[in-house]
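K.L.:
Task: produce atomic coordinates for the following.
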Amino acid sequence: MKFKPLHDRLLLKPMTAETKTKAGIIIPDTAQEKPMQGEVIAVGKGKRMEDGSLKQLDVKVGDKVLYGKWSGTEVKLDGADHVILKEEDLFGILG
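P.N.:
Alright, predicted model coming up:
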């Protein structure tokens with residue numbers, strides 16, 4: 001399925017959370033933390049400013065980003081989990 005976000009929205013693929021601690025203890029699915037890192041899969045055209053101009057987004061496809069734990073909307077596309085959120089919900093780009 002092809003998906004193109006509108007305006008200043010992004011489509012992220014969340015990075016998988018660790019299922020095992022450093023000591024080797026397996027963490028059950030119910031106790032795992034929600035991932036807060038993801039890879040940008042698609043970006044919108046940009047944010048429309050008050051004067052009508054279009055401000056390009058600072059992130060691009062392929063960037064690894066950090067976002068809020070409860071940010072965005074979770075969706076399933078082609079059987080995989082994704083998150084749709086606005087650029088302003090991002091904390092930063094991981095280097």
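K.L.:
What ranges does this structure have for its strands?
P.N.:
In chain order, the chain shows strands spanning 9-14, 37-43, 47-48, 54-55, 64-67, 73-77, 80-86, 90-94, with DSSP state E as the criterion.
K.L.:
Mean neighbour count, those: which tops it?
P.N.:
Mean neighbour count (mean count of other CB atoms under 10 Å) peaks for strand 9-14 among those, with a mean of 22. The way it works is simple: take the backbone N, C-alpha and C, and place the C-beta from them, glycine included.
K.L.:
ok, so what distance separates the nearest residue to Val40 once chain neighbours are set aside from Gln37?
P.N.:
With CB to CB, 6 or more residues apart in numbering as the criterion, Val40 has its nearest non-adjacent residue at 4.7 Å, and that residue is Asp63. Asp63 sits 11 Å away from Gln37, going by CB to CB, to the nearest Å.
K.L.:
Any stretches of the chain with poor pLDDT?
P.N.:
Along the chain, the model assigns pLDDT under 70 to residues 1, 16-22, 27-35.
K.L.:
again, 90 this time
P.N.:
1-3, 5, 15-36, 47-49, 52, 54, 68-72, 77-80, 94-95 (pLDDT under 90).
K.L.:
Would you point out which residue is most central in it?
P.N.:
Leu12 (3.3 Å; CA atoms, centre = their mean).
K.L.:
Tell me what the closest residue to that one other than its chain neighbours is bridged to.
P.N.:
Closest residue in space to Leu12, ignoring its immediate chain neighbours: Gly38 at 3.6 Å, by CB to CB, 6+ apart. Taking DSSP bridges, one finds Pro14, Val65 as the beta-bridge partners of Gly38.
K.L.:
Contact partners for Gly38?
P.N.:
Going by CB atoms under 8 Å, 6 or more residues apart in numbering, Gly38 touches Leu12, Lys13, Pro14, Met15, Lys64, Val65, Tyr67, Val83.
K.L.:
mind running it again at 6 Å?
P.N.:
Residues in contact with Gly38 (CB atoms under 6 Å, 6 or more residues apart in numbering) are Leu12, Lys13, Pro14, Met15, Val65.
K.L.:
and the gap between the spatially closest residue to the fourth one that is not a sequence neighbour and Phe91?
P.N.:
This means Met15. Leaving aside its chain neighbours, Met15 sits nearest to Gln37 (4.5 Å; criterion: CB to CB, 6+ apart). Here the distance between Gln37 and Phe91 works out to 10 Å (CB to CB).
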